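**Student:** fold the following, please.
(one chain, ligands or ions: 2)
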Amino acid sequence: MSVLELRSVSKVHGRGAAEVQALRDVSLTVAAGEMVAVMGPSGSGKSSLLTIAGTLEEPTSGVVLVNGEDTLRMSPGAKSRIRRRAIGYVFQDFNLLPGLTAAENVSLPLELDGTSMRKAHLAALKALEELGLADRARHFPDQMSGGERQRVAIARAVVGERTLLLADEPSGALDSVNGESVMRLIHSYCKRGVAAVVVTHDAQLASWADRIVFLRDGRFVDQTAAPAGPESLLEQSS
Ligand code: ADP
Ligand code: MG
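**Tutor:** Ligands and ions are numbered 1, 2, ... in the order given. The predicted model follows:
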């Protein structure tokens with residue numbers, strides 16, 4: 001069973017003269033363990049694709065299945081449960097809570113979902129340790145580098161065995177070394193069974209994915225199964 005399935009998804013933002021069609025008949029299936037990179041120019045619909053996949057927005061038409069369940073037919077309660085338990089988000093600007101330590105940021109989603117503070121804290125420490133950030137557990141976001149903050153944000157997105165990781169330009173604010181380590185980290189979670197959709201502008205970073213899809217004007221224009229090398233990808237995405 002696929003973790004994410006989008007069937008003929010279209011999205012129109014706004015109304016009347018202000019109408020913008022962000023996605024046109026887009027279909028995408030992502031299996032457990034699979035890492036898909038999404039590339040495309042600015043305004044091509046990449047963020048719309050992720051917010052719809054994450055059930056934060058509904059498509060104008062089409063079907064969105066997460067772990068085989070039709071999210072458009074779910075009750076609000078079931079939908080917020082799937083958001084809390086199955087889906088993790090990573091953003092370009094990290095979005096860590098500044099008043100919480102690294103460990104508290106990672107344990108928060110578990111606590112919100114009813115895990116005891118103690119268990120959540122232990123799970124957070126374990127996640128940080130795996131990322132080589134054990135000594136940063138008590139640090140606040142402004143005491144960490146950008147690369148460290150993004151690794152904490154990724155730990156927060158997957159903690160509690162969530163199955164779908166959605167990352168919108170997670171390396172956008174990082175230098176190439178840290179960008180590379182963010183992609184390597186997402187890749188390693190996929191090897192453990194997480195399904196990931198990662199938006200990136202960088203063909204080199206996209207080549208970490210099992211598959212690359214290209215969006216242009218809200219449509220998929222091409223897919224590559226095996227990355228053909230950074231130069232050819234750059235041509236297609238520009
Ligand atoms: P990308 O992430 O590839 O830059 P987006 O999905 O953010 O693309 O946007 C796709 C198109 O939809 C753009 O033309 C954008 O201006 C428009 N758009 C995105 N979100 C909204 C919104 N909430 N209201 C109106 N238009 C939007
Ligand atoms: Mg975007």
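**Student:** contacting residues for the residue most central in space within the chain?
**Tutor:** Geometric centre of the chain, nearest residue: Leu166, 1.4 Å, by Cα atoms, centre = their mean. Applying Cβ atoms under 8 Å, 6 or more residues apart in numbering to Leu166 gives the contacts 50, 53-54, 87-90, 196-197. Heads up, the C-betas are built off the backbone N, CA and C, glycines and all.
**Student:** that's a helix at it, yeah?
**Tutor:** No. Counting by DSSP: H, G, I helix; E, B strand; the rest coil, Leu166 falls outside a helix, being strand.
**Student:** what bridges to it?
**Tutor:** With DSSP bridges applied, Leu166 shows beta-bridge pairing to Tyr89, Val197.
**Student:** shaky segments in the chain?
**Tutor:** Scanning the chain for pLDDT under 70 picks out the ranges 224-238.
**Student:** which helices and strands does the longest helix seen in the chain pack with?
**Tutor:** Longest helix of the chain, by residue count under DSSP state H: helix 176-191. In this structure, helix 176-191 packs against strand 35-39, helix 146-158, strand 164-168, strand 195-199, helix 203-206, with contacts taken as 3 or more Cβ pairs under 8 Å, 6 or more residues apart in numbering; DSSP states H and E.
**Student:** which parts of it are buried?
**Tutor:** 178-183, 185-187, 189-190 (16 or more other Cβ atoms under 10 Å).
**Student:** in this protein, which residue sits closest to ligand 2?
**Tutor:** Going by Cβ to the ion, ligand 2 is nearest to Ser47 of the chain, at 3.2 Å.
**Student:** which residues does the closest residue to that residue other than its chain neighbours contact?
**Tutor:** In space, Ser47 comes closest to Asp168 once its chain neighbours are excluded; the distance is 5.6 Å by Cβ to Cβ, 6 or more residues apart in numbering. Taking Cβ under 8 Å, 6+ apart as the criterion, Asp168 is in contact with 46-47, 50, 89-92, 199.
**Student:** swap in Arg184?
**Tutor:** Per Cβ under 8 Å, 6+ apart, neighbours of Arg184: Trp208.
**Student:** how close does it get to Ser207?
**Tutor:** According to Cβ to Cβ, to the nearest Å, Arg184 and Ser207 sit 12 Å apart.
**Student:** helices of this structure, start to end?
**Tutor:** Assigned helices in the chain, in chain order: 46-53, 76-85, 102-112, 117-130, 146-158, 176-191, 203-206, 230-237 (criterion: DSSP H).
**Student:** just send the ones you listed back as a markdown table, with distance to Arg138 too.
**Tutor:** Converted to a markdown table, the helices of the chain look like this (distance: least, Cβ to Cβ, whole Å):
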| stretch | distance to Arg138 |
| --- | --- |
| helix 46-53 | 32 |
| helix 76-85 | 25 |
| helix 102-112 | 7 |
| helix 117-130 | 10 |
| helix 146-158 | 12 |
| helix 176-191 | 21 |
| helix 203-206 | 30 |
| helix 230-237 | 39 |
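**Student:** hey, which of these is tucked in deepest?
**Tutor:** Mean neighbour count (mean count of other Cβ atoms under 10 Å) peaks for helix 146-158 among the helices of the chain, with a mean of 24.
**Student:** thinking again about what came up before, and the helices of the chain as TSV, adding distance to ligand 1?
**Tutor:** Compiled in TSV, the helices of the chain are given as follows (distance: least, Cβ to the nearest ligand atom, whole Å):
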stretch	distance to ligand 1
helix 46-53	3
helix 76-85	19
helix 102-112	24
helix 117-130	28
helix 146-158	18
helix 176-191	18
helix 203-206	14
helix 230-237	11
